[in-house]
Every structure is written in C-alpha cells, then in structure tokens.
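Trainee: Here's my sequence, what's the structure:
(one chain, ligands or ions: 1)
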Amino acid sequence: MGHDGAGTPDSGSDMRAMTYSAFGGPEVLAETRQPRPKVAPGEILVRVRCAAVNPVDWKIMAGGLKDLMDTVFPVVPGWDVAGVVEQVGIDAPEFAVGDEVVAYARKDYVHGGTFAEFVTVPVRALARRPASLTWDQAAGLPLAGLTAYQVLTRLGTGPGDTVLIHGAAGGVGSLGVQIARALGARVIGTASSANHDRLRELGAEPAAYGEGVVERVRALAPDGVDVVTDFVGGVLDTTLAVLREGGRHASIADNSVIGAGGSGCGYGRTAPTWPSWGLSPTRGS
Ligand SMILES: NC(=O)c1ccc[n+]([C@@H]2O[C@H](COP(=O)([O-])OP(=O)(O)OC[C@H]3O[C@@H](n4cnc5c(N)ncnc54)[C@H](OP(=O)(O)O)[C@@H]3O)[C@@H](O)[C@H]2O)c1
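Mentor: The predicted structure follows:
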C-alpha cells in the first residue's frame, strides 16, 4: 500500500486511515478520518510512503492476538512502514525532518498502525531507508527481515552449518535464505516447485514440501542438517526427522517446538541497526 502524497489533502490535525472497530474479516475495514497521532517524547512522526502487508495483519484483525496484546479501537492495522520524517519528538535527536526511514512499527498494544497517512514510531524502531531499495521494497523489509535475522542469529547460524528453511519462498523465508547465505551457511529451502528457480537465484537448494519431503531433504543432507528454521508452522515432525543430533531449531509459527528442544521465536524486538547486506525482498508492498 503506498501513496505519493496526492489525493485528499490532509487537514493538519487529522488524516486518512484504514481502520476497523470490531474483529473480523476484510468486511470490517474501512477508510476513515482519524486524529493525526500525537508525537510523544522519543517518538518520530512518519509520513507514510508505503506500508507492507503481513499475515499477522489479518490474524490481528480476526482477533487472533487479543489474549496477547491489548486492543484499542478503532485500530489502524499495519506494522511495516517506509516513509519520510514529518515531525521529531522531544529527545529524539537521531532523526531530522525529511529523513527517509523504515520501521517495524509495532507498538505495545494494538491501535495506531501504518495503513494511514501518518504513524508515530519510537526512535529505537527506526532505521534509515536503504539507498538500494525502492519505497515498496523498503516497506517489505522490516518485519520479515528482522524476524528472519533474529531467528538465524539466535540459533548461532554460521559458516559450516547446513540450514533447512521451511517456507523459504515466503516473505520471511526468502529473506532468511539470503541472510543465512550471508552468514556463511549452506541453505536447503522448502517451497512449491513453482518457486524453485527463485530459491536457486537466492542461493538455496530447493526441496518440495509435502509427502516425501523428509527423503528429499535427506538426499541433499545425508548426515542431517545443523539448523532448522520453521517459517510456516505444522512441520515439527519433518524438522526432527532431518535434524542431526545436537542440531538447533526454532519456529515463528508453532510454539510446540519448545517442548521438542526448539525455540519459539516471535513478534521480535525492534533493532536499532541493520546489517548492510544487499537483500532482495520478493514481496513488495
Ligand atoms: N512470530 C513472528 O514473529 C512472525 C513474524 C513473521 C511471520 N510470522 C508467521 O510466519 C508465517 C510466514 O509468514 P510470511 O510473511 O513469510 O508468509 P508468506 O509470505 O505468506 O509465505 C508463506 C510461504 O509458506 C509456504 N508454504 C506453505 N505451506 C508450506 C509447507 N507445508 N512447507 C513449506 N512451505 C510452505 C508458501 O510457499 P509456496 O508459495 O512455495 O507454496 C509461502 O511462500 C505466517 O504464519 C506468519 O504469520 C510470524
């Protein structure tokens, strides 16, 4: 989702936003006018150029996180943003009006997201827009990229490791492939056959998911894999069948891995700095 600043002019104190006031499906979403967010100390007001859509957006809208996070209606959905600094809060000297930025803009409660003309973001969650990325590519980077980066680094992924990435063609997985390769690992990635060429381009050895996946991965790594990252959910049996003894694994979509020696990773913290790898998001906005 993006806009170029054209269209209905903002009135100064309010803004256009996509909002919902009850949990549900797409039918609860509507374009409304909302107060422009106040800029608290340590916050930055960002004029949104692009806001990426992630699976978590519809899960939250359906009420899937209501027992985990407080919700204040009306909700503006969206946790990913690329935009331009409009206003700098007190004690936020790191950024200036006009700076081009990206952010994983998740707050501690569900209310003011990025599917709007403006969003406030704590300074700790902002980074400068990578010069090599378009606005829509930049907006697609924060949530998926940080998730993949945090999972792989928490598992200590590095040279000499063979990594299996479940869901390697998705938003998180396609960035995970590139990050694991940049960390020096060999990567096997599961995806439907339509995405195998894309995985090869990103540096992974593809394996089709579904029946027979264990045999296909074992054929590529007969001694087992060192690290498994589950970016899909529901694949624990496959993980345990291909992981070598002493291997490490984690899931972002299945907490049952915790009882099986794995880590449940999720809703990652924001990071103040970004590695300088030339990542190539497969999804734009
Ligand atoms: N906990 C967290 O912090 C966190 C953060 C981000 C995302 N997530 C969750 O992680 C999941 C993935 O997110 P995403 O943004 O990457 O989603 P996405 O872009 O929609 O990608 C999903 C991918 O899953 C693949 N897939 C489907 N079934 C599969 C299977 N059985 N084995 C292997 N791959 C399979 C699909 O591959 P093909 O297209 O090749 O079929 C698709 O590319 C979602 O459930 C999301 O909510 C959690």
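
Trainee: What's the local residue count around the residue of the chain found nearest the ligand?
Mentor: Residue of the chain nearest the ligand, by CB to the nearest ligand atom: residue 170 (2.2 Å). The C-beta positions use only the backbone N, C-alpha and C, and glycine is treated the same way. If you count neighbours by other CB atoms under 10 Å, residue 170 ends up with 21.

Trainee: cool, and residue 256?
Mentor: By other CB under 10 Å, neighbour count at residue 256 equals 12.

Trainee: Tell me how far the closest residue to residue 235 other than its chain neighbours lies from residue 245.
Mentor: Once flanking residues are discounted, residue 235 sits nearest to residue 166: 4.8 Å by CB to CB, 6 or more residues apart in numbering. Counting by CB to CB, to the nearest Å, the gap from residue 166 to residue 245 is 20 Å.

Trainee: Same drill for those two, tell me which one is more crowded.
Mentor: More crowded of residue 166 and residue 245, by other CB under 10 Å: residue 166, with 31 against 6.

Trainee: so which helix or strand takes in residue 190?
Mentor: In the assignment (DSSP states H and E), residue 190 maps to strand 186-191.

Trainee: same thing with residue 60?
Mentor: helix 55-61.

Trainee: And the helix or strand just after that helix, how far out from the chain middle?
Mentor: Where DSSP H and E defines the elements, the next helix or strand beyond helix 55-61 is strand 71-76. Its chain's average C-alpha position is 21 Å from that of strand 71-76, according to CA atoms, centre = their mean, to the nearest Å.

Trainee: Using CSV, write out every CA atom in strand 71-76.
Mentor: Output of strand 71-76 as CSV, limited to C-alpha atoms (Å, rounded to 0.1, in the frame of the first residue of the first chain):
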residue,chain,number,x,y,z
THR,A,71,-6.6,-3.6,21.6
VAL,A,72,-7.9,0.0,21.5
PHE,A,73,-10.5,0.5,18.8
PRO,A,74,-10.5,2.0,16.2
VAL,A,75,-7.4,0.1,15.1
VAL,A,76,-5.2,1.2,12.2
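
Trainee: Which strands and helices lie in contact with that strand?
Mentor: Packed against strand 71-76 by the contact rule (3 or more CB pairs under 8 Å, 6 or more residues apart in numbering; DSSP states H and E) you find strand 14-19, strand 30-35, strand 110-112.

Trainee: The worst-scoring helix or strand of the chain on mean pLDDT near the ligand anywhere?
Mentor: Using mean pLDDT, DSSP states H and E, strand 263-264 stands out as the lowest-scoring helix or strand of the chain, at a mean of 88. No: counting by CB under 6 Å from any ligand atom, the ligand has no neighbours in strand 263-264; the shortest distance is 8.1 Å.

Trainee: Show me what that strand is in contact with.
Mentor: Contacts to strand 263-264, defined as CB atoms under 8 Å, 6 or more residues apart in numbering, come from residues 151, 154, 155, 248, 249, 250, 251, 254, 255, 257, 258.

Trainee: Please apply the same query to stretch 218-226.
Mentor: 160-164, 188, 205, 207, 217, 242-245, 247-248.

Trainee: related to what we said a few turns ago, now the helices and strands packed on strand 71-76 as CSV including distance to the ligand?
Mentor: Shown next, in CSV, are the helices and strands packed on strand 71-76 (distance: least, CB to the nearest ligand atom, whole Å):
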stretch, distance to the ligand
strand 14-19, 19
strand 30-35, 24
strand 110-112, 15
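
Trainee: In JSON lines: the ones you listed, plus distance to residue 133 and mean pLDDT.
Mentor: Compiled in JSON lines, those are given as follows (distance: least, CB to CB, whole Å; pLDDT from 0 to 100):
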{"stretch": "strand 14-19", "distance to residue 133": "24", "mean pLDDT": "98"}
{"stretch": "strand 30-35", "distance to residue 133": "27", "mean pLDDT": "98"}
{"stretch": "strand 110-112", "distance to residue 133": "25", "mean pLDDT": "97"}
